[in-house]
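A.B. asks: Next come a sequence and a model predicted from it.
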2 protein chains.
Amino acid sequence: MTMQASQAITRKSLHHELVDRLQTLIISSELAPGTKVPEKSLCDQFGVSRTPLREALKVLASDGLIRLEPNRGAWVTQVTEEEVEEVFPVLGALEALSGELACRHMTDAEIEEVRVLHNQMLESYERRDLDAYFSINQKIHRAILLAARNATLTTSCQALSLRMQRARYLANMTEGRWYQAVQEHEKILKYLVARDGQNLATTLLKHMEAKRVSVIRWLQDKENAPGSS
Amino acid sequence: MTMQASQAITRKSLHHELVDRLQTLIISSELAPGTKVPEKSLCDQFGVSRTPLREALKVLASDGLIRLEPNRGAWVTQVTEEEVEEVFPVLGALEALSGELACRHMTDAEIEEVRVLHNQMLESYERRDLDAYFSINQKIHRAILLAARNATLTTSCQALSLRMQRARYLANMTEGRWYQAVQEHEKILKYLVARDGQNLATTLLKHMEAKRVSVIRWLQDKENAPGSS
DNA sequence: TGACTTAATTATGAATTCAAAATTACGTTG
DNA sequence: CAACGTAATTTTGAATTCATAATTAAGTCA
């Protein structure tokens, strides 16, 4: 069953398209952390030759999603404690900035959109629907980021978020942490509505710090009780 | 086709080496902003085929140093006002973080090294030696960055710095701005020695903001009096 | 059997080739 | 001569090919 015709890529820049697709595969763990990137099989799957695929791998490597070992191929990077301790502070600083800028530039309509998302998120929290919660959560953070009106900031933030996403998405929040996160989001909305950039920045920073602790804890648990995907 | 021997590349990963070399060419303006990247001539110059060169171009494009136009090749990006307004705030936030972390992690010996550099910088200021000043200036910022002990932060900062470097390096500081910058550096050293992370962060942020203004002014002057390179 | 060599296979890195697109050069016509 | 259209050339994007390094398999000998 060679159905690569259906999946064959034609749009704009091939390597760029491949970067997107590979990112998706990595975030969704279809390409599992620590495993080798199956160059040949991906070429078959996407119906492309090795040249554009390898171009995409170089880009992903510079973003830290994969690691290139000379003459030994590409490997999906693991989310390590060390990396988490590095990335979250940086992400915190960037999100804080995005909050500050968003307070200056966000339209009232956009704030209203965030309020709607916020309420949807509360609902999914009530339902204990973690998937929905994460999805809406991301939309809120993204809305704030976009409202900062700074493409460079957006790019930098997203690149780092991507690296954490696998880890964060699967982080089985405790009931306590989940409640805490919701409380933090109440404050985020409050300060956004008040256009209080300073306090929003501080809150987003603390929010990220709490996430860091949560993810670290999850990584440590996983280490002690490995195996179950 | 031969004679590539003189500059031929042999070290580790070819595309990685090419990324480095091309960055250097771009920063030094040997590849001038706004011009087309001469793929063929670079291949000849480096003695490599197009494949690894194009891999490097993809990476540089994702870092924003060049722009890829589908079917039309690669172009060295211009430093625009818009971009400066975007990048400097982000860089400011990151340098502020680096200052905060550096105060926690820097060894006394490392602080001493910064002091030495600082004094050298003052000397080059007295001599009005702009090249030396910039070079030492960069070393100081880099020392602080490395002392933050955060590889992710280092990478992010440097990527953004690179994009600004062409513009900043050529920024013909006014006497007034130069004096101001030196004063700012006095404070930076002071707070570093005191390990006052909060104030160091604030100072670095202001320092970057002042640089932004300076570069913007330079860009505007350049626009009104173009041509002279 | 098990450690060590050596040969076969496979995967990787980079050059080359090839089709398609864009650019340039040329010629025509008004 | 200028504007347009067509042909030749060059450049680009991507597949293919090729040399080399790494991995696996097979064979040898204690």
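C.D. replies: Perfect, thanks for sending it. Numbering: from 1, shown residues only, chains lettered A, B, ... in the order given.
A.B. asks: Off-centre distance for stretch A:137-153?
C.D. replies: 12 Å (C-alpha atoms, centre = their mean, to the nearest Å).
A.B. asks: Would stretch A:53-73 count as contacting DNA strand C?
C.D. replies: Yes. Contact of stretch A:53-73 with DNA strand C (C-beta under 7 Å from any atom of the strand) involves A:54, A:68-73. C-beta coordinates here come from the backbone N, C-alpha and C atoms, glycine included.
A.B. asks: Just the buried ones out of these, please.
C.D. replies: The neighbour-count test (16 or more other C-beta atoms under 10 Å in any protein chain shown) applied to those identifies A:54, A:68 as buried.
A.B. asks: Quick check, residue A:75 in contact with residue A:65.
C.D. replies: No. Here residue A:75 does not reach residue A:65: they are 10.4 Å apart, not a contact under C-beta atoms under 8 Å.
A.B. asks: List the contacts of the closest residue to DNA strand C within chain A.
C.D. replies: For chain A, the residue closest to DNA strand C is residue A:73, as judged by C-beta to the nearest atom of the strand, at 2.5 Å. Residue A:73 sits next to A:36-37, A:39 when contact means C-beta atoms under 8 Å, 6 or more residues apart in numbering or on different chains.
A.B. asks: Ok, residue A:188 next?
C.D. replies: By C-beta under 8 Å, 6+ apart, the residues touching residue A:188 are A:99, A:140, A:144, A:200, A:203-204, A:207.
A.B. asks: In which helix or strand does it reside?
C.D. replies: Element membership of residue A:188, judged by DSSP states H and E, is helix A:175-193.
A.B. asks: so for that helix, what's the average pLDDT?
C.D. replies: For helix A:175-193, mean pLDDT is 96.
A.B. asks: What's the first helix or strand after that helix?
C.D. replies: helix A:197-224.
A.B. asks: quick one: average confidence on stretch A:110-121?
C.D. replies: Mean predicted lDDT for stretch A:110-121 stands at 98.
A.B. asks: For residue A:12, what is the enclosing helix or strand?
C.D. replies: Short version, using DSSP H and E: residue A:12 is in no helix or strand.
A.B. asks: neighbour count winner among residue A:75 and residue A:65?
C.D. replies: residue A:65 (25 against 17; other C-beta atoms under 10 Å in any protein chain shown).
A.B. asks: which phi and psi does the more buried one have?
C.D. replies: Backbone torsions of residue A:65, given as degrees, to the nearest 10, read phi -80, psi -30.
A.B. asks: Let me see the confidence value for it.
C.D. replies: 97.
A.B. asks: So which of the contacts of residue A:73 are in strands?
C.D. replies: Among those, DSSP state E puts none in strands.
A.B. asks: Closest one of those to residue A:158?
C.D. replies: Ranked by distance to residue A:158 (C-beta to C-beta), the contacts of residue A:73 are led by residue A:37 at 21.3 Å.
A.B. asks: Neighbours of that closest one, how many?
C.D. replies: Neighbours around residue A:37, by other C-beta under 10 Å: 22.
A.B. asks: Quickly list the domain ranges of chain A.
C.D. replies: Per the record, chain A has its domains at A:7-76, A:81-224, by automatic domain parsing.
A.B. asks: Least reliable of the ones you listed by average pLDDT, please.
C.D. replies: Minimum mean pLDDT among the domains of chain A: domain A:7-76, a mean of 91.
A.B. asks: And that one, how far out from the chain middle?
C.D. replies: Worked out by C-alpha atoms, centre = their mean, domain A:7-76 lies 18 Å from the chain centre.
A.B. asks: what comes up buried for stretch A:148-164?
C.D. replies: Those would be A:148-150, A:152-154, A:156-157, A:159-164, for stretch A:148-164 by 16+ other C-beta under 10 Å.
A.B. asks: And for stretch A:76-87?
C.D. replies: Neighbour-count burial for stretch A:76-87, with 16+ other C-beta under 10 Å as criterion, is recorded at A:76-77, A:79, A:83-84, A:86-87.
A.B. asks: Need the max-distance pair from these.
C.D. replies: Greatest spacing in the buried residues of stretch A:76-87, by C-beta to C-beta: A:76 and A:86 (18.2 Å).
A.B. asks: And the strands in chain A?
C.D. replies: So, for chain A - with DSSP E - the strands run A:66-69, A:73-76.
A.B. asks: list the contacts for the residue lying closest to residue A:88 once chain neighbours are set aside?
C.D. replies: With C-beta to C-beta, 6 or more residues apart in numbering or on different chains as the criterion, residue A:88 has its nearest non-adjacent residue at 3.7 Å, and that residue is residue A:212. Residue A:212 sits next to A:84-85, A:88-89, A:92 when contact means C-beta under 8 Å, 6+ apart.
A.B. asks: which ones among these are found in helices?
C.D. replies: Using DSSP state H, A:84-85, A:88-89, A:92 are the members of the contacts of residue A:212 that sit in helices.
A.B. asks: okay, the residues you listed in CSV with distance to DNA strand D next?
C.D. replies: Output for the ones in helices among the contacts of residue A:212, formatted as CSV (distance: C-beta to the nearest atom of the strand, whole Å):
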residue, distance to DNA strand D
A:84, 28
A:85, 30
A:88, 33
A:89, 35
A:92, 37
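A.B. asks: Looking at those, which is nearest residue B:135?
C.D. replies: Using C-beta to C-beta, the ones in helices among the contacts of residue A:212 come closest to residue B:135 at residue A:89, 28.9 Å.
A.B. asks: Number of residues surrounding that closest one?
C.D. replies: 21.
A.B. asks: go on, residue A:179?
C.D. replies: 12.
A.B. asks: what do you get for residue A:12?
C.D. replies: 9.
A.B. asks: Which one of the buried residues of stretch A:76-87 is nearest to residue A:44?
C.D. replies: residue A:76 (18.4 Å).
A.B. asks: OK, contacts around the closest one?
C.D. replies: So residue A:76 contacts A:26, A:31-37, A:65-66 (C-beta under 8 Å, 6+ apart).
A.B. asks: and the gap between it and DNA strand D?
C.D. replies: 16 Å (C-beta to the nearest atom of the strand, to the nearest Å).
A.B. asks: That residue and residue B:61: what is the separation?
C.D. replies: 23 Å (C-beta to C-beta, to the nearest Å).
A.B. asks: Kindly report the same for residue A:133.
C.D. replies: For residue A:133, the distance to residue B:61 equals 35 Å [C-beta to C-beta].
A.B. asks: Chain A against DNA strand D: which residues are in contact?
C.D. replies: Contact residues (C-beta under 7 Å from any atom of the strand) of chain A with DNA strand D: A:13-15, A:47-52, A:70-72.
A.B. asks: Would you agree residue A:147 is in contact with residue A:109?
C.D. replies: No. Counting by C-beta under 8 Å, residue A:147 sits too far from residue A:109 to count as a contact (10.7 Å).
A.B. asks: hmm, back to that, check the residues of chain A next to DNA strand D for burial and list the buried ones.
C.D. replies: Buried among the residues of chain A next to DNA strand D by 16+ other C-beta under 10 Å: A:13-15, A:48, A:52.
A.B. asks: Spatially, which two of those residues are the most separated?
C.D. replies: Among those, A:13 and A:48 lie farthest apart (C-beta to C-beta), at 12.0 Å.
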